[in-house]
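> make a model of this:
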Amino acid sequence: MQRRKTHAKKADVYAVYDGREAARIIEPTEEGARVLPACPSLFENAKGASAFSPDRLIEYIFRFAAFLGDFTLTAVLFVFHRYGTALLALLRRGAAFFGQRFSVVAETLLAFPYAVADDARDLRKKLSAIHLQAKNASRTVDSRAVYLRFFAQELKARRGVWRVLGNTAFPLLAVVFAVVVSVNLFSSGYALEVRLGGESLGYIENEQVFDEAKTHALSLLRASEETEAALQNSVPTFRLCRVKLTGLQNSAALCEKLLQSGDIALTHACGVFIDGSFLCAVRNEADAVSAFDRLLTAAQKKDADATVGFAEEISYVDGLYPDNSETLRDPLSLAQTLKEEKTAAVTHTVKSGDYIFSIANQYGVSTAQLRALNPGVDFSHMTVGQKILIAQATKYVHVKLMKTKTKTAAQPFDTIKRKSSALPQGATQVLQAGKNGKAKVTELVTYVDGTQTVRSVIRSKTLVAPVNEILLVGTNEGYGGTQFASGFIWPTIGAYSLSSRFGYRSARISGWSFHGGVDIIKTGGHSTGMPVVAAAAGTVIVAQKGYRGYGHTVVVDHGNGLSTRYAHMQPGSLQVRVGQTVSQGQQLGRIGSTGNVTGPHLHFEVLKNGAKVNPLNYIG
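Residues are numbered from 1 along each chain as shown. Alright, predicted model coming up:
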């Protein structure tokens with residue numbers, strides 16, 4: 001490696017260059033020149049070849065940091081070595097200069113009070129002498145001239161002192177004046193003066209403070225519609241002025257002044273509200289609570305195990321209320337009011353021509369309400385002068401009593417339905433009969449003024465478990481019942497009894513009538529809803545609601561002049577339409593009681609070439 005310059009002189013620094021290296025600093029010392037390591041090269045590997053890798057980059061960063069630190073330390077030592085003496089000398093001179101000036105100022109300040117005291121004593125002695133001189137010469141010479149000459153001589157003799165005082169006092173006075181002005185500027189500002197009805201209520205920062213005070217005042221006012229309306233409609237005036245910031249009022253203070261500005265006398269009290277409606281006010285909440293507690297205590301004595309309370313929501317609200325006898329009451333007066341009726345019972349005296357609808361319309365109530373209020377009245381046979389209760393008397397509060405009762409009650413069984421393809425669609429069969437169990441039931445019963453209003457189960461313990469009913473529900477759309485010799489099958493599922501046969505029978509009005517079919521019912525009743533099926537395959541020629549006196553009817557043509565009629569079926573149960581081909585056992589509808597009937601059944605007819613024949617010849 002060839003260096004271009006390698007020499008160094010004392011107190012000199014030279015840059016030594018290399019083909020790839022950065023500058024080196026050579027620091028001359030007594031032992032010789034100190035040569036710093038060259039700045040590392042980023043692309044120089046261990047063998048001198050140019051290469052780059054992440055590890056090489058990290059190594060370069062650390063080497064460059066070490067080089068920078070060494071360079072900075074060397075530069076600082078060099079500056080201190082070369083210019084340190086001059087800097088120290090400069091610091092010594094500055095310290096001596098300022099120390100001398102400070103000592104002069106300190107001596108002057110310390111000596112000044114003593115000089116002023118000496119001059120004051122000297123001046124007092126001279127004043128005593130001048131006073132005596134002026135007293136002796138008062139008859140021939142004006143004493144005021146003596147004093148004026150004396151003060152003029154003293155001022156002239158002490159003009160240096162006055163100069164010092166002036167140079168000191170005026171700056172101090174300026175500082176004091178600046179402080180006073182600054183304090184006034186920062187402690188005062190522009191504000192709004194609020195005036196309402198020509199009266200000043202104070203100063204506020206902005207109009208929002210007034211709005212907050214007004215809202216708060218309205219929330220405090222209770223049961224005084226006049227004051228509340230006057231405050232609600234009040235329109236203030238504002239005037240911008242400069243005042244001390246300490247004189248600004250907040251919304252709470254302004255609220256008090258707003259309330260005091262009204263014409264009605266107000267007082268702090270506790271208002272009693274029942275279901276949100278104002279009743280009265282008392283001096284404090286304790287007085288109000290004691291009045292209500294009297295009612296609860298009386299109810300509790302009747303049933304010590306019950307929990308007593310009120311059916312209404314009672315609330316106590318502190319605020320400002322009109323200070324008059326109508327609004328403000330004592331505890332005894334409040335207790336008496338609670339025992340009185342709020343509204344009296346309303347009754348109606350029956351007149352000739354009255355009936356339930358006319359009475360209900362007259363008082364604006366429903367007929368159901370009239371029947372509920374008068375359970376023992378027969379409204380179809382009312383008599384003139386009879387009393388009908390229109391509205392019960394109401395009280396301010398109703399005592400609510402809640403107690404628990406325990407009893408043994410039946411625990412009903414559940415019905416579990418299972419689908420069965422072995423049964424025709426809609427048919428059911430009980431696989432397992434259900435049986436009720438027993439349970440120990442604890443109920444919470446609520447009474448209002450002695451009348452039970454709510455009864456709810458709060459706990460139940462099973463004593464005997466119920467047996468659930470298992471019910472099979474048919475899903476088979478085609479019913480393959482047993483065929484008779486005619487090829488027909490029974491036209492119903494689950495109903496196999498006859499209530500009326502083919503032929504003449506006794507009628508309710510005409511005496512005797514011809515019955516052109518058979519009536520099929522379920523033994524024991526409950527025929528409604530039993531499936532009706534086609535006795536034989538064919539085509540639907542009638543599927544009609546309200547067909548003559550047959551009600552909901554289906555007629556199926558089986559060919560060869562043979563047809564069957566299925567009448568009185570359940571509304572909405574018809575499952576076929578005219579022109580539809582049905583198979584034997586296909587469901588047509590369900591047993592019902594539409595048309596001219598005395599009860600639910602299927603009227604089944606067989607027609608041969610349009611003439612009614614005995615159905616039992618085909619299904620018997």
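> drop to CA atoms for contacts and neighbour counts, all remaining ones
Will do.
> tell me the contacts of the residue most central in space within the chain?
Ranked by distance to the mean C-alpha position of the chain (C-alpha atoms, centre = their mean), the top residue is G276 at 19.9 Å. Each residue near G276 by C-alpha atoms under 8 Å, 6 or more residues apart in numbering is listed here: 313, 315.
> ditto for V430
Shown in contact with V430 (C-alpha under 8 Å, 6+ apart): 469-472.
> now for the helix ranked longest in the chain, which elements pack on it?
Taking residue count as the measure and DSSP state H as the definition, the longest helix of the chain comes out as helix 54-136. Using 3 or more C-alpha pairs under 8 Å, 6 or more residues apart in numbering; DSSP states H and E, the elements in contact with helix 54-136 are strand 24-28, helix 143-157.
> any idea which of these has the lowest pLDDT on average?
If these are sorted by mean pLDDT, strand 24-28 sits at the bottom with a mean of 44.
> from the chain's centre, how far out does stretch 600-615 sit?
Here the centre of mass of C-alpha atoms in stretch 600-615, compared against the chain's by C-alpha atoms, centre = their mean, to the nearest Å, lies 71 Å away.
> any buried residues in that stretch, and which?
Residues of stretch 600-615 classed as buried: 600-607, 612-615 (neighbour count, 16 or more other C-alpha atoms under 10 Å).
> would you reformat those as CSV and include pLDDT, secondary structure and distance to E313?
Shown next, in CSV, are the buried residues of stretch 600-615 (pLDDT from 0 to 100; DSSP: H, G, I helix; E, B strand; the rest coil; distance: C-alpha to C-alpha, whole Å):
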residue, pLDDT, secondary structure, distance to E313
P600, 94, coil, 54
H601, 94, strand, 58
L602, 95, strand, 60
H603, 95, strand, 63
F604, 96, strand, 66
E605, 96, strand, 69
V606, 96, strand, 73
L607, 95, strand, 75
K612, 93, strand, 75
V613, 94, strand, 77
N614, 94, coil, 75
P615, 93, coil, 73
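> ok, those residues vs D449, which is closest?
Proximity of the buried residues of stretch 600-615 to D449 (C-alpha to C-alpha) peaks at P600, which lies at 48.2 Å.
> quick check: that closest one touching M530?
No: in terms of C-alpha atoms under 8 Å, P600 does not count as a neighbour of M530; the distance is 10.1 Å.
> shared neighbours, the two?
Between them, P600 and M530 have I591 as joint contacts when contacts are counted by C-alpha under 8 Å, 6+ apart.
> which residues of the stretch 101-250 of the chain score low on pLDDT?
Low-confidence segments of the stretch 101-250 of the chain, defined by pLDDT under 70, are located at 101, 104-112, 114-116, 130, 133-147, 150, 154-169, 219-234.
> sorry, slip of the keys, the one I care about is the stretch 451-600 of the chain.
Within the stretch 451-600 of the chain, the set of residues satisfying pLDDT under 70 comprises 476-481, 506-511.
> those strands in it, which residues are they?
Secondary structure of the stretch 451-600 of the chain by DSSP state E, counting those that start in this stretch: the strands cover 451-464, 469-476, 497-500, 503-506, 512-515, 518-521, 531-533, 538-544, 552-559, 562-569, 581-582, 587-590.
> distance to A213 and mean neighbour count for those - can I get that in TSV?
Output for the strands of the stretch 451-600 of the chain, formatted as TSV (distance: least, C-alpha to C-alpha, whole Å; neighbours: other C-alpha atoms under 10 Å):
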stretch	distance to A213	mean neighbour count
strand 451-464	46	13
strand 469-476	72	18
strand 497-500	88	15
strand 503-506	93	12
strand 512-515	92	14
strand 518-521	83	22
strand 531-533	79	27
strand 538-544	78	19
strand 552-559	77	23
strand 562-569	77	26
strand 581-582	86	19
strand 587-590	76	27
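> so which of these gets nearest A409?
Each of those has some distance to A409 by C-alpha to C-alpha; the shortest is strand 451-464, at 9.6 Å.
> quick one: that closest one to chain centroid distance?
Taking C-alpha atoms, centre = their mean, one finds strand 451-464 lying 33 Å from the centre of the chain it belongs to.
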